[in-house]
Structure formats: structure tokens, C-alpha cells
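In: Predicted model and sequence below, questions to follow.
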Protein chains: 2
Amino acid sequence: MTNESPLTKEMILDAAEQVLRRYGPDKTSVIDIAKFLQVSHGTLYRHFSSKAALREAVTERWLDISIAEPLQEIADRAEGSAAEQLRLWVETLIKKKRMHASDDPEMFVMYADVTVRIGDMIAMHINRLIKQIASIIERGMQAGEFKPDSADAIARAVFMATESFHHPAHAQEWSSEMIDEDFETVWRLILSGLK
Amino acid sequence: MTNESPLTKEMILDAAEQVLRRYGPDKTSVIDIAKFLQVSHGTLYRHFSSKAALREAVTERWLDISIAEPLQEIADRAEGSAAEQLRLWVETLIKKKRMHASDDPEMFVMYADVTVRIGDMIAMHINRLIKQIASIIERGMQAGEFKPDSADAIARAVFMATESFHHPAHAQEWSSEMIDEDFETVWRLILSGLK
């Protein structure tokens, strides 16, 4: 069976995401995705060389749409207190990660797995996020709200110092009763370090 | 075959650690450990109810001896700058974790695995470490070197804000070229937050 309409990457990723969610990453085969799209698996392999490449592309798109893009909107707001903006940015990242860990477990497991294996793709995602933090910090430094320093280095440090609250390896800790209080204290330390 | 000398927990743990290191956690059975000790596996089961319990006890002892006890020595030094003592404590934790990840991979893998599964044992280990940090911070606050605050809450925050550098889930990141520079910046943020 072949479908006559031209097959775009976007269509394949939509289908792959649906099938991966339904059967889970381990049980999904490229043939399942081809069947879902009513194309031959040869057609699919012309776009993605392996199931691993498809999983990576689905996860990458999910990270862009569900994490990096909404955070970019916050980073782009160039008014008001930079400290409040930075706090909102970090809190939004943390909330999104917690929400996906509990409400979207299929994608979260795929993402947590990719975080360990696909270093390059995750490094790009993290660099994108750190650039967003750097732009907020840069603005805070220019406004005299934060001490002058290397905005890039400080942005990496803010990201790393809050990893317990947003890195998927720590997802089990997010249900702790103390997690919000802990974040509050870490945030207080970071903020008084910035000022 | 039975051995006539009384079998102590310490002897079992010594044997279990040697056998686990040699064959790896997956391939080691309680029978292997019993053979190594020249006792029946029934004798062993009187001390430890399962292979999992044995693995947990071996890992717990390894964490005590290789991590918590040497750090306790640093925490007990009640003179000089608390900031320098805290930095030495955190750096020693980081160095020990990095060293074990590269030089003692068998135990490190067991420990990383236990970190995910055996929440209670790891929580106790972490609480012990956080108490050590709290004692340093308490001293720094009393000496006026650190701002007055809840030493316990700040100690948790210092531990969590540095997890990228010592939590086993981040071991892959420790070979990054930027890791020392990153720690330097995180440390600078934390320290100026404490002062």
C-alpha cells in the first residue's frame, strides 16, 4: 500500500510520535510507523535511516515545542526585573519537566533515555536553554540589577545549580515533600550570588 | 563444606564485595558468595535474606568507608575559614565520586543502580552528608563569616546546587572540558550567596 500525497518529515514525525506513544519505544518498529502512514518501510527509510534516528528526531521536536519554545517567549520579554524574569524562566522549566514526568510519561521516558545516549542532541538543546538564560542575565547586568560578570558562564552555572529540579535523572526526587522548599533555598543562594 | 570459624557480617560483606567486583552484580549469585566463604547458602541466608539485601549492604558499607567517613574528618576540623572548609568538603566529595567513576567502575555501577532503586538507604547516606555540611555552615554563621540563616536548609541547598558535579546520574558529564570551570562559577555563586 502506498499513499500518493508527498510524505513530509513533519508527517512522519507526527505518525512516529503517535505510534511511539501507543506502543512504547521498545515495541514500536519502523514497520508499525510505515503501516500507520500507509507507506512502504522503504519509503520511510529514505527519510530516516533507522528507528533510533526516528526516535531521536521525535524527541528533539518534542523538546523544541514543549520546552525550548515556550521558554524562549519568557526569555524574550525585555522589561521589568531581570531577577523575576530569571526566576519565572527557571520555575517554568521545572514545572514543565515535572508536568511531563507525571502527565506525559511515554515521551518523558523516551527523553530521559535519549538524555543518556544521544549526547550531541541533548547538548544542543541545553546550549539553547543556556543562551536564553544568558540573555536574561545580560539584561540584568546591563541594568545594574546583577553584578557584572561573564553572562555565559553565569548562565551555565544557574542551569547546573538547578539541575536537581529539572534534569530527568532526578525525576524521582520531584515528588519529595521538601522539593519546593529546597528550590526556594537554592534560588535564594543563587540570587544573592547574582546581586 | 562448612567453615568452623563463626561467620560475621563483616566477613560476609568482604567476601560479597570481592565476588561482586569479580563477576559483576548481575552474574554474581548468593551461591557464588557462599562457595567463596566455604559455607552453605543456607548459612548465608541466615544473615542476608536475599542477593539484593547483600548488594545493598555492600554498597552501604562502601559509601560509608569511601565517602562519608573521609568527609566527616574534613567536617570535624573546627578551625580556619568555614568557606575554605566548605569548599574543601565539596571538592573532596566531587573528586571521590569522579575517582570512583573512573577507577572503581564495578562499585560505582552498583552504587549508581542502588541510588535509583534503594531510596531509603541513599536518603540516609545523603542526610549524613548534609549534616556534615550543616556543621560547617553553622560554624561559619557563628563566626560571622556566613549570613545568619537556617544552617540545615542552606546545607541541603548547597548539596543540591552541586549535584551535577557529584550525583552518579551526571557521571558522563564529568569528562567535559568545562566541568572544572563550571564548578568554579557555581561555587562562586553559592559562596557569594552565603556571605
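Out: Received, thanks. None of these values were measured; they are calculated from a predicted model. Residues are numbered from 1 along each chain as shown, chains lettered A, B, ... in the order given.
In: The nearest residue to A:H166 once chain neighbours are set aside: neighbouring residues, count only.
Out: Distances taken as CB to CB, 6 or more residues apart in numbering or on different chains put A:K97 closest to A:H166, at 4.7 Å, once the chain neighbours are dropped. All C-beta atoms are positioned from the backbone trio N, CA, C, and that covers glycine. Here the number of neighbours of A:K97 (other CB atoms under 10 Å in any protein chain shown) works out to 21.
In: Tell me which residues are up against the helix or strand encompassing A:K97.
Out: Secondary structure assigned from DSSP states H and E places A:K97 in helix A:82-103. For helix A:82-103, the external contacting residues (CB atoms under 8 Å, 6 or more residues apart in numbering or on different chains) are A:66-67, A:70-71, A:74-75, A:77, A:107-108, A:111, A:129, A:132-133, A:136-137, A:139-140, A:143, A:145-146, A:158, A:162, A:165-166, A:168, A:171, A:174, A:183, A:187, A:191, A:194-195.
In: sorry, back to before: how close does the residue nearest to A:H166 sit to A:I137?
Out: For A:K97, the distance to A:I137 equals 21 Å [CB to CB, to the nearest Å].
In: Kindly report the same for A:L44.
Out: Here the criterion is CB to CB. By it, A:L44 lies 43 Å from A:I137.
In: Which one's more surrounded, these two?
Out: The residue with more neighbours, out of A:L44 and A:I137, is A:I137; 26 against 21, by other CB under 10 Å.
In: give me the number of residues near the nearest residue to the more buried one once chain neighbours are set aside?
Out: Nearest in space to A:I137, with sequence neighbours left out and distances taken as CB to CB, 6+ apart, is A:A151 at 4.5 Å. A count of nearby residues for A:A151, using other CB under 10 Å, gives 20.
In: Give me every residue in chain A lying close to chain B.
Out: Within chain A, the residues that sit near chain B (CB under 8 Å from any CB of the partner chain) are A:116, A:119, A:150, A:153-154, A:156-158, A:160-165, A:167, A:169-170, A:172, A:178, A:181-182, A:185-186, A:188-194.
In: Whichever of these end up buried, select them in ChimeraX.
Out: One line in ChimeraX is enough to select the buried ones among the residues of chain A next to chain B; burial here means 16 or more other CB atoms under 10 Å in any protein chain shown:
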select /A:153,154,156,157,158,160,161,162,163,164,165,167,169,170,182,185,186,189,190,191,193,194
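In: got the contact list for A:R55?
Out: Shown in contact with A:R55 (CB under 8 Å, 6+ apart): A:16, A:20, A:25, A:110, A:114.
In: What strand or helix carries it?
Out: Under the criterion of DSSP H and E, A:R55 resides in helix A:51-63.
In: Just the buried positions in that helix, please.
Out: Residues of helix A:51-63 classed as buried under the neighbour-count rule (16+ other CB under 10 Å) are A:51, A:54-63.
In: how about it as CSV, C-alpha atoms only?
Out: Output in CSV follows, covering the C-alpha atoms of helix A:51-63 (Å, rounded to 0.1, in the frame of the first residue of the first chain):
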residue,chain,number,x,y,z
LYS,A,51,14.4,3.5,14.2
ALA,A,52,16.9,5.2,16.5
ALA,A,53,17.1,8.2,14.1
LEU,A,54,13.3,8.4,14.1
ARG,A,55,13.1,8.3,17.9
GLU,A,56,15.8,11.0,18.2
ALA,A,57,14.0,13.2,15.8
VAL,A,58,10.7,12.8,17.6
THR,A,59,12.3,13.6,20.9
GLU,A,60,14.2,16.6,19.5
ARG,A,61,10.9,18.1,18.1
TRP,A,62,9.2,17.4,21.4
LEU,A,63,11.9,19.2,23.4
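In: For the helix or strand following that helix, buried residues please.
Out: Helices and strands here follow DSSP H and E; after helix A:51-63, the next one along the chain is helix A:69-76. By neighbour count on 16+ other CB under 10 Å, the buried set for helix A:69-76 is A:71-72, A:74-75.
In: Need the residues you listed in CSV (columns: distance to B:A82).
Out: Output for those, formatted as CSV (distance: CB to CB, whole Å):
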residue, distance to B:A82
A:L71, 37
A:Q72, 41
A:I74, 37
A:A75, 36
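In: Just flag the most distant two among those.
Out: A:Q72 and A:I74 (7.4 Å; CB to CB).
In: Could you tell me which residues touch both of those two?
Out: Both A:Q72 and A:I74 are contacted by A:Q132, under the criterion CB under 8 Å, 6+ apart.
In: If you count contacts, what does the strand or helix carrying A:S135 end up packed against?
Out: Element membership for A:S135, per DSSP H and E: helix A:119-142. Counting contacts by 3 or more CB pairs under 8 Å, 6 or more residues apart in numbering or on different chains; DSSP states H and E, the secondary-structure elements packed against helix A:119-142 are helix A:51-63, helix A:69-76, helix A:82-103, helix A:105-117, helix A:151-161.
In: hmm, try it at 10 Å
Out: Here helix A:119-142 is seen to pack against helix A:51-63, helix A:69-76, helix A:82-103, helix A:105-117, helix A:151-161, helix A:179-194 when contacts are counted using 3 or more CB pairs under 10 Å, 6 or more residues apart in numbering or on different chains; DSSP states H and E.
In: Of all the residues in it, which ones are buried?
Out: For helix A:119-142, the buried set under the neighbour-count rule, 16+ other CB under 10 Å, comprises A:121-122, A:125-126, A:128-130, A:132-141.
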